[in-house]
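S.K.: no sequence on this one, just coordinates:
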């Protein structure tokens, strides 16, 4: 009997994570083109904290980047 193996489609997983991050940034008020560019390079939680404290979304993005 062969051992059980799990095969993951890494590209699909990475794409799903990227799309989710983009949606979180858009929800915070970041325009889609900027969200697409920055989604994989920043921690959206940091932007969220700044926006929750009243910082404009684009300024929050500049601060975090």
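M.R.: Yes, it's here. All of these numbers come straight from a predicted model, not from anything done at the bench. Residues are numbered from 1 along each chain as shown.
S.K.: And the helices in the protein?
M.R.: For the chain, the helices defined by DSSP state H occupy 10-27, 32-38, 44-52, 57-64.
S.K.: mind putting those in TSV, mean neighbour count included?
M.R.: Heads up, the C-betas are built off the backbone N, CA and C, glycines and all. Formatted as TSV, those follow (neighbours: other CB atoms under 10 Å):
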stretch	mean neighbour count
helix 10-27	13
helix 32-38	16
helix 44-52	16
helix 57-64	16
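S.K.: lowest-confidence stretch among these?
M.R.: With a mean of 88, helix 10-27 has the lowest mean pLDDT of those.
S.K.: Quick one: distance of it to the chain centre.
M.R.: Centre-to-centre, helix 10-27 and its host chain are 6 Å apart (CA atoms, centre = their mean, to the nearest Å).
S.K.: And for stretch 14-31?
M.R.: How far stretch 14-31 lies from its chain's middle: 4 Å, per CA atoms, centre = their mean.
S.K.: Please name the nearest non-neighbouring residue to the residue nearest in space to the middle of the chain.
M.R.: The residue lying closest to the centre of the chain (CA atoms, centre = their mean) is residue 21, at 2.2 Å. Among residues not flanking residue 21 along the chain, residue 39 sits closest, at 3.9 Å (CB to CB, 6 or more residues apart in numbering).
S.K.: mind checking how far residue 56 is from residue 36?
M.R.: 19 Å (CB to CB, to the nearest Å).
S.K.: before we move on, what about residue 28?
M.R.: As judged by CB to CB, residue 28 and residue 36 stand 14 Å apart.
S.K.: Can you give me every residue that contacts the nearest residue to residue 25 once chain neighbours are set aside?
M.R.: Excluding the flanking residues, the one nearest residue 25 by CB to CB, 6+ apart is residue 35, at 3.8 Å. Neighbouring residues of residue 35 by CB atoms under 8 Å, 6 or more residues apart in numbering: 21, 22, 25, 26.
S.K.: quick one: contacts for the residue nearest to residue 21?
M.R.: Residue 39 neighbours (CB under 8 Å, 6+ apart): 18, 21, 22, 25.
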